[in-house]
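Undergrad: sequence first, then the predicted structure, then my questions.
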Amino acid sequence: MCNLGEGIYERAMEKGMEKGVEQEKRNSERKEREAALEMLKDRLSFEQIARYMKLSVEAVADIARENKLI
């Protein structure tokens with residue numbers, strides 16, 4: 001492969017890896033929110049959820065508001 005082709009290939013691989021990392025981060029955040037939502041539905045306190053999920057109490061309150069639980 002010529003140098004130009006190698007450079008293009010490497011940039012494409014880097015971009016693909018960056019996109020994969022971003023997607024994994026979004027998936028992880030979605031799963032965290034879903035877990036916190038289930039805890040809210042089970043009527044755990046905001047403080048308990050925040051402690052278990054390593055979130056702020058405000059973040060838990062935001063999830064509750066977004067899902068019309070408060």
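TA: Good, I have the coordinates. Numbers count the residues shown, from 1 in each chain.

Undergrad: where do the helices of the protein begin and end?
TA: All helices of the chain, identified by DSSP state H, fall at 3-41, 46-53, 57-66.

Undergrad: now those in JSON lines, with mean neighbour count?
TA: Placement of C-beta: from N, CA and C, glycine included. Formatted as JSON lines, these follow (neighbours: other CB atoms under 10 Å):
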{"stretch": "helix 3-41", "mean neighbour count": "11"}
{"stretch": "helix 46-53", "mean neighbour count": "16"}
{"stretch": "helix 57-66", "mean neighbour count": "16"}
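
Undergrad: can you lay out those helices as a markdown table showing mean pLDDT?
TA: Listed next are the helices of the chain as a markdown table, based on pLDDT from 0 to 100:
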| stretch | mean pLDDT |
| --- | --- |
| helix 3-41 | 91 |
| helix 46-53 | 97 |
| helix 57-66 | 96 |
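
Undergrad: centroid residue for the protein?
TA: Of all residues in the chain, the one closest to the mean position by CA atoms, centre = their mean is Glu29, 1.6 Å from it.

Undergrad: for Lys54, see how far away that residue is.
TA: Counting by CB to CB, to the nearest Å, the gap from Glu29 to Lys54 is 12 Å.

Undergrad: then Glu34?
TA: Glu34 sits 15 Å away from Lys54, going by CB to CB.

Undergrad: which residue comes closest to Arg33 once chain neighbours are left out?
TA: Computed as CB to CB, 6 or more residues apart in numbering, the closest residue to Arg33 that is not its neighbour in sequence is Ile63, at 5.8 Å.
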